[in-house]
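Trainee: Predicted model and sequence below, questions to follow.
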Amino acid sequence: AVAENVTELVLDLQKANNYNHIFAAATNEGKNLAPRIAAKLDVACLSDVTAIVDEDTFERPIYAGNAVATFKSSDAVKIATI
């Protein structure tokens, strides 16, 4: 799929349904789409999430996978690659 077209589709769905979280697979396509969607919504893109602690808190590997960082997002809509 063309990233620009899918981005607009996801944005239309988010607007119509008021989603708080949008997840994409941590694949090449997902990592291409998620930042585009996040930029259009003016929120951060949370990449390579490995655990969801609660609705605002996530975990991801850092230092080549030798450590895990826990971070909290205050954005209204969370965009993440899982």
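Mentor: Good, I have the coordinates. Numbering: from 1, shown residues only.

Trainee: Need the per-residue pLDDT for the most far-flung residue of the chain relative to its centre.
Mentor: Relative to the centre of the chain, the most outlying C-alpha is that of Asn66, 22.3 Å out, by C-alpha atoms, centre = their mean. In the prediction, the pLDDT value recorded for Asn66 is 96.

Trainee: just Ala3 next, same as before
Mentor: You'll see Ala3 listed with a pLDDT of 89.

Trainee: which residue packs closest to it, ignoring adjacent ones?
Mentor: Taking C-beta to C-beta, 6 or more residues apart in numbering, and ignoring the residues beside it in sequence, Ala3 has Asn32 as its nearest neighbour in space, at 5.1 Å. No exception for glycine: its C-beta is placed from N, CA and C like everyone else's.

Trainee: what's the helix or strand hosting that neighbour packed up against?
Mentor: With elements delineated by DSSP states H and E, Asn32 resides in helix 28-41, which encompasses its position. In terms of contact count using 3 or more C-beta pairs under 8 Å, 6 or more residues apart in numbering; DSSP states H and E, helix 28-41 is assigned the packing partners helix 3-17, strand 21-24, strand 45-46, strand 78-81.

Trainee: now the ones you listed in TSV, with distance to Ile52 and mean neighbour count?
Mentor: Rendered in TSV, the data for those read as follows (distance: least, C-beta to C-beta, whole Å; neighbours: other C-beta atoms under 10 Å):
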stretch	distance to Ile52	mean neighbour count
helix 3-17	19	13
strand 21-24	9	18
strand 45-46	10	20
strand 78-81	8	23
